[in-house]
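> The following comprises the amino acid sequence and a computationally predicted model.
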Amino acid sequence: ARQEWSMSDFEIGRYIGEGKFGKVYLAREKKSGYVVALKVTYKAKLEKYRFHAHLRREIEIQRGLDHPNVLRLFAWFHDEERVVLVLEYAARGELYKVLRAAGRFTERTAATYVASLAGALAYCHKKQVIHRDIKPENLLLDIEGRLKIADFGWAARSNAKRHTLCGTIDYLAPEMIEKKAHDHAVDNWTLGILCYEFLYGSPPFEADEQDDTLRRIVRVDLTFPSTPSVSSEAKDLISKLLVKDSSKRLSLEDIMKHPWIKKNAEPSGSCIKQKDLGRVK
Ligand SMILES: CC[C@@H](NC(=O)c1cc2[nH]nc(NC(=O)c3ccc(N4CCN(C)CC4)cc3)c2s1)c1ccccc1
């Protein structure tokens, strides 16, 4: 039977992050000593924002997923005032902070993360799940520097319709902006955006005004700066993902077979140098 967990089963550690509807704490399960991340959402907040369905969907979607590049949801529980998700702990934190600190990634690191994402998304799509909100803020790194997709709050079963454009618009596919029915190919588009951002340090359609970004997206106004110098294979992959007609985007399987990925991606999914392994501040 499902073990009934409660807060008293855990030693609560430091606060490690937060999103719109919850805070994440480092915690250790007392009996096993297992370190986890507890994502705590206050019910009062759920009431206020009519958020139950959203959280319920996050739980049932993430609970059914088991993939090395998808952050595990081990369990969940609630008490009078909170709903708590017991999540896998990703000890190297948010990928976007590592990207900002590094400025941009090497082709080896970028290809490794794109391959990990393609593998995770292929797995999700096979389970009829579209994440729909893949962006650096939702990507975490575990102790070995392996990528983990987190926060399935906006995930949905395939061919769902979500019409609220929320958060950063840089990653939105044209069909999302034009409010057409969207399928899992939106995640393929986003993979193209992320690959570009990993290599150049910022997303391809960035502009000062939101309207300009939206215009550049729907026009697929893609340009490759001359610096930093990026291989033509990488540009080839990006150009085959940032395609307006979603049916013409490279499939996740074809991404995994692309020459740039074959040549550069680390099979282990980890790119950190051995010397860094022991050092997690
Ligand atoms: C992705 C957003 C989502 N987050 C989760 O679900 C999250 C689940 C989960 N598991 N492990 C995490 N780890 C961290 O957040 C973390 C952050 C910084 C760290 N370091 C700082 C830099 N230092 C050099 C290394 C250690 C280490 C771990 C997170 S976040 C979310 C959504 C809604 C509300 C709250 C959180």
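That came in fine, so what should we check first?
> State which helix of the chain is the longest.
helix 107-126 (DSSP state H).
> For Tyr196, the count of nearby residues, please.
Counted by other CB atoms under 10 Å, the residues lying close to Tyr196 total 25. Yep, even glycine has a C-beta here, placed from its N, CA and C like the rest.
> Am I right that it is in contact with Ile238?
Yes. With contacts counted by CB atoms under 8 Å, Tyr196 reaches Ile238, the gap being 5.2 Å.
> Now the common contact residues for those two.
Jointly contacting Tyr196 and Ile238 under the rule CB atoms under 8 Å, 6 or more residues apart in numbering are Pro204.
> Next secondary structure after the longest helix of the chain?
Counting by DSSP states H and E, the next helix or strand C-terminal to helix 107-126 is strand 129-130.
> Would you give the sheet partners of that following strand, along with the direction of each?
Based on DSSP bridges, the pairing partners of strand 129-130 within the sheet are strand 156-157 (antiparallel).
> The partner strand: what's the following helix or strand?
helix 174-177.
> Export that following helix to PDB, keeping only CA atoms.
The C-alpha coordinates for helix 174-177 follow below in PDB (Å, rounded to 0.1, in the frame of the first residue of the first chain):
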ATOM      1  CA  PRO A 174       5.000  29.800 -33.700                       C
ATOM      2  CA  GLU A 175       1.800  27.600 -33.400                       C
ATOM      3  CA  MET A 176       1.600  28.400 -29.700                       C
ATOM      4  CA  ILE A 177       1.700  32.100 -30.500                       C
END
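> Which elements pack onto the helix or strand just after it?
Sequence order places helix 185-200 as the next helix or strand after helix 174-177, per DSSP H and E. Judged by 3 or more CB pairs under 8 Å, 6 or more residues apart in numbering; DSSP states H and E, helix 185-200 is in contact with helix 107-126, helix 174-177, helix 232-241, helix 252-257.
> Can you tell me which of those helices is most buried?
Stretch with highest mean neighbour count among the helices and strands packed on helix 185-200: helix 107-126 (a mean of 22; mean count of other CB atoms under 10 Å).
> now do the same end-to-end measure for stretch 84-97.
Length of stretch 84-97, first residue to last, CA to CA, to the nearest Å: 25 Å.
> Name the helix or strand for the residue nearest to His52 when sequence neighbours are not counted, please.
Spatial nearest neighbour of His52, excluding adjacent residues (CB to CB, 6 or more residues apart in numbering): Leu46 at 5.6 Å. Using DSSP H and E, Leu46 falls within helix 43-48.
> what sits up against that helix?
For helix 43-48, contacts defined as CB under 8 Å, 6+ apart pick out 21, 51-52, 55, 78, 80-83.
> The residues you listed also near the ligand: which ones?
On the criterion CB under 6 Å from any ligand atom, Phe21 are the entries of the contacts of helix 43-48 that sit beside the ligand.
> residue in the stretch 51-200 of the chain nearest to the ligand?
Proximity of the stretch 51-200 of the chain to the ligand (CB to the nearest ligand atom) peaks at Gly93, 2.7 Å away.
> Run a quick neighbour tally on that residue.
For Gly93, using other CB under 10 Å, the count is 14.
> And Gln3, by the same measure?
Counted with other CB under 10 Å, Gln3 comes out at 7.
> SS state for it?
coil (DSSP: H, G, I helix; E, B strand; the rest coil).
> Surely it is in contact with Ala75?
Yes. Using CB under 8 Å, Gln3 is in contact with Ala75, at 7.0 Å.
> if we can go back for a sec, if I look at the residue nearest to His52, what pLDDT would I see?
The model reports Leu46 with a pLDDT of 79.
> Check Gly167 too.
Value for Gly167, per-residue pLDDT: 60.
> Surely Glu92 and Ala101 touch.
No Glu there; residue 92 is Arg. No. Arg92 lies out of contact with Ala101 (CB under 8 Å); the separation is 11.4 Å.
> More neighbours: these two, which one.
Arg92 (20 against 7).
> Quick one: residues contacting the more buried one.
Residues counted as contacts of Arg92 (CB under 8 Å, 6+ apart) are 98, 140-143, 145, 280.
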